[in-house]
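1. Sequence and predicted structure are below.
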Amino acid sequence: MITVNLYYTGENGSARAFAEEMVRAGVVDAIRAEDGNLRYEYFYPMDDPETVLLIDQWRDQAAIDAHHASPMMAEIAALRDKYDLHMKAERFVSDDSGLPEKDMKFIKR
């Protein structure tokens, strides 16, 4: 599993407006329906009103490559340009081992 955290940053609320339009236009639902998409969710950092965090999770690199090759990417790029967003990306590859038992004592169930 591959998780990509994308931080969209703009000015005057443009990052949040971008995320809202992605949802309203149905782009988010279309991405979530793509083969291999496991998660696609936006979050707002409490200490930075001009940034939106997207957690984008995929089964494998082939699923990400198919997503990037889809016509939907042109629509996403156009919206990014419309809102003049800048991005930072972080990529994580899961080792599928889950949390170590010693860390589980800190998780309330």
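-> Sure, I can see it.

2. Could you export the lowest-mean-pLDDT helix or strand in the chain as CSV, CA atoms only?
-> Ranked by mean pLDDT, DSSP states H and E, the helix or strand of the chain with the weakest confidence is helix 101-104, at a mean of 85. What follows is helix 101-104, C-alpha atoms only, in CSV (Å, rounded to 0.1, in the frame of the first residue of the first chain):
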residue,chain,number,x,y,z
GLU,A,101,2.5,-4.5,20.2
LYS,A,102,4.5,-2.2,22.4
ASP,A,103,2.9,0.8,20.7
MET,A,104,-0.6,-0.6,21.0
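
3. how about the helices in this protein?
-> Remark: helices assigned in the chain by DSSP state H are 14-24, 27-32, 61-69, 72-82, 101-104.

4. Which one, of those helices, ends up nearest to Tyr8?
-> helix 14-24 (4.5 Å; C-beta to C-beta). Bear in mind the C-beta positions are built from the backbone N, C-alpha and C, glycine included.

5. buried sites along the closest one?
-> With burial defined by 16 or more other C-beta atoms under 10 Å, the residues of helix 14-24 counted as buried are Ser14, Ala15, Arg16, Ala17, Phe18, Ala19, Met22.

6. helices and strands around it, which ones?
-> strand 2-9, strand 37-43, strand 51-58, helix 72-82 (3 or more C-beta pairs under 8 Å, 6 or more residues apart in numbering; DSSP states H and E).

7. same thing but at 6 Å, please
-> Secondary-structure packing of helix 14-24 (3 or more C-beta pairs under 6 Å, 6 or more residues apart in numbering; DSSP states H and E): strand 51-58.
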